[in-house]
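Asks: Give me the fold of what follows.
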Amino acid sequence: MIDKYLVVAIVFAACILLIIYTQLGDSKKEDKTLSFKEKLQKEFPNYTIVERNQNLIICREGHNPRIPEELVLIRIDPEQNKNLRNSGKMLIATYSKQPSIREIRKDTVHYL
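Replies: Here you go, the predicted model:
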């Protein structure tokens, strides 16, 4: 009888350790010191990240090297809910709080 409880306790402890490992393993110390703009630049190295009027814009070099082609505008506004809308070829993504890089990648997959 005790053996069954021991096996269940070992499996339960292994599950808890696996959960802790997966949750703590993703966060790196170097990422904690980076600003949101730097994190975006690290995640999207082929694009240029421009900060304009407290908004972040993901751009790529267009036909004119002085004027980059704006692809995604990221706006953080605590007064609004998450909102994704198109403006021509550009995606305007509004978030109520700073989004995760995973969420941005998921939302912008069709534009980048």
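
Asks: Send me the helix or strand harbouring A93 as PDB with only the CA atoms.
Replies: Using DSSP states H and E, A93 maps to strand 90-95. Output in PDB follows, covering the C-alpha atoms of strand 90-95 (Å, rounded to 0.1, in the frame of the first residue of the first chain):
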ATOM      1  CA  MET A  90       0.900  48.400 -42.300                       C
ATOM      2  CA  LEU A  91      -0.400  46.700 -39.200                       C
ATOM      3  CA  ILE A  92      -1.300  48.900 -36.200                       C
ATOM      4  CA  ALA A  93      -1.100  46.800 -33.000                       C
ATOM      5  CA  THR A  94      -2.400  48.500 -29.900                       C
ATOM      6  CA  TYR A  95      -1.800  46.700 -26.500                       C
END
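
Asks: Quick check: buried residues in stretch 41-56?
Replies: For stretch 41-56, burial by neighbour count (16 or more other C-beta atoms under 10 Å) applies to Q41, F44, Y47, T48, I49, L56. In short, each C-beta sits where N, CA and C put it, glycine included.

Asks: on that earlier part again, show me the contact partners of the strand holding A93.
Replies: Residues outside strand 90-95 that contact it (C-beta atoms under 8 Å, 6 or more residues apart in numbering): 70-77, 80, 82-86, 99, 103-104, 107-108, 111.

Asks: please redo it, this time with the cut-off set to 6 Å
Replies: Strand 90-95 has contacts (C-beta atoms under 6 Å, 6 or more residues apart in numbering) with 70, 72-77, 80, 82-85, 107, 111.
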